[in-house]
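Colleague: just a sequence and a predicted model for now, questions to come.
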Amino acid sequence: QVQVVESGGGLVQPGGSLRLSCKASGSIRSINAMGWYRQAPGKQRELVATITSGGTTNYVDPVKGRFTVSSDNTENTVYLQMNTLKPEDTAVYYCNADITPWTSRYVFRYWGQGTQVTVSS
């Protein structure tokens, strides 16, 4: 069994910073990539950033230069450092991980439960 758990959300003023964490645990053979998505009220879930096991990162344009995704492969953990936050960054942030569990040879995508980020004065 595999679990993905996010933490670190909260309320922050415009221009402030937050750091989200996401840890995968359980019966994990390997992790190919981990990523962050977000869903604002009334909108579809959208990609924010991804990082592969080799360290290759990808960002969507609205967060480039403000957000940084990083990982600690020894801890199966991914981070999202969010700087210069804007009200439009307000959303529930979800972590996912593309994992091959010990019980399979296939890759499955696991999702966390989400963490709320609110940017408001």
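Modeller: The structure has been received and is ready for your questions.

Colleague: from here on, contacts and neighbour counts on C-alpha atoms
Modeller: OK.

Colleague: helix or strand: which one has the residue nearest the centre of the chain?
Modeller: Centroid check for the chain by Cα atoms, centre = their mean gives W36 as the closest residue, at 2.9 Å. Assigned by DSSP states H and E, W36 falls within strand 28-39.

Colleague: CA atoms of the next helix or strand after that strand as PDB?
Modeller: Where DSSP H and E defines the elements, the next helix or strand beyond strand 28-39 is strand 46-52. The C-alpha trace of strand 46-52 is given here as PDB (Å, rounded to 0.1, in the frame of the first residue of the first chain):
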ATOM      1  CA  GLU A  46      -4.200  22.300 -13.300                       C
ATOM      2  CA  LEU A  47      -0.500  21.400 -13.400                       C
ATOM      3  CA  VAL A  48       1.900  23.600 -11.400                       C
ATOM      4  CA  ALA A  49       5.300  21.800 -11.500                       C
ATOM      5  CA  THR A  50       6.900  18.400 -11.900                       C
ATOM      6  CA  ILE A  51      10.200  16.800 -11.100                       C
ATOM      7  CA  THR A  52      11.600  13.500 -12.300                       C
END
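
Colleague: what residues sit buried inside strand 46-52?
Modeller: The neighbour-count check on strand 46-52 (16 or more other Cα atoms under 10 Å) flags 47-52 as buried.

Colleague: closest one to S27 out of those, please.
Modeller: Sorting the buried residues of strand 46-52 by how near they are to S27, with Cα to Cα, puts T52 at the top with 19.3 Å.

Colleague: who are the neighbours in contact with the residue of the chain most remote from its centre?
Modeller: Computed with Cα atoms, centre = their mean, the residue of the chain farthest from its C-alpha average is T103, at 24.7 Å. By Cα atoms under 8 Å, 6 or more residues apart in numbering, T103 lies in contact with S27.
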